[in-house]
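In: predicted coordinates and the sequence they were generated for:
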Amino acid sequence: MTFGSLLAGYTRGEIVGSLAFACLFAMLGYRMSHRHRLARGVTPWRLPSVVWGAICFFFQPFGLVVELVAQATTKPAAPAPAAGHLSRYPGPETTVLRGAIEIDPPVAAPAGPPPPARDETGATPLFGWYADATGRHEQRYWDGRRWSEHVLDDGARGVDPV
């Protein structure tokens with residue numbers, strides 16, 4: 001049996017229509033899986049969205065039914081612990097206080113000069129060249145989290161550790 005014999009008896013329009021229908025189901029299956037991952041943190045049955053697209057391409061309406069069952073039976077991902085949260089189980093990153101309460105150790109403030117002034121919305125400044133907070137140079141590069149060692153004086157670049 002050859003591929004040509006499988007298509008015998010079908011017109012070109014029927015074949016193109018069937019492929020278009022299958023592609024529509026594949027895109028729908030992929031999109032459903034992707035939206036499920038965005039909403040719950042995992043894809044249905046933790047299969048990649050591309051796999052769900054292929055399942056829906058080959059099994060069309062039945063693939064979508066299987067994906068809906070998978071969405072209903074897949075537990076959401078556990079939320080990642082936030083900094084400073086109370087931890088239920090001890091680990092290397094937690095500190096036990098008074099023998100019963102466990103908390104994360106405090107995050108140390110970055111050493112060195114303060115960051116550039118925040119904008120009018122109060123947002124952290126983006127990366128870029130700002131007036132040097134140490135006062136040793138005209139400008140210093142802020143990488144978005146901390147001052148770097150890259151400096152500018154009269155347009156000439158240099159390096160000066162913070």
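Out: All right, it came through fine.
In: tell me the confidence at residue 91?
Out: With respect to pLDDT, residue 91 scores 51.
In: an error on my part: the question was meant for residue 142.
Out: 84.
In: same deal with the one 10 residues further on?
Out: Reading off the per-residue confidence, residue 152 sits at a pLDDT of 89.
In: so which residues of the protein form helices?
Out: Secondary structure of the chain (DSSP state H): helices at 3-7, 12-40, 49-73.
In: okay, those, which one's buried deepest?
Out: helix 49-73 (a mean of 17; mean count of other CB atoms under 10 Å). (C-beta placed from N, C-alpha, C; glycine too.)
In: any idea of the mean pLDDT in that helix?
Out: In this model, helix 49-73 has an average pLDDT of 93.
In: sorry, back to before: of the helices of the chain, which is nearest residue 144?
Out: Between residue 144 and these, the shortest separation by CB to CB is 25.3 Å, and it involves helix 12-40.
In: what helices or strands is that closest one leaning on?
Out: helix 49-73 (3 or more CB pairs under 8 Å, 6 or more residues apart in numbering; DSSP states H and E).
In: could you break the protein into its assigned domains?
Out: Using automatic domain parsing, the domains assigned to the chain come out as 10-73, 78-106, 128-159.
In: CSV for these, including distance to residue 121?
Out: CSV is the format used below for those (distance: least, CB to CB, whole Å):
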stretch, distance to residue 121
domain 10-73, 26
domain 78-106, 23
domain 128-159, 16
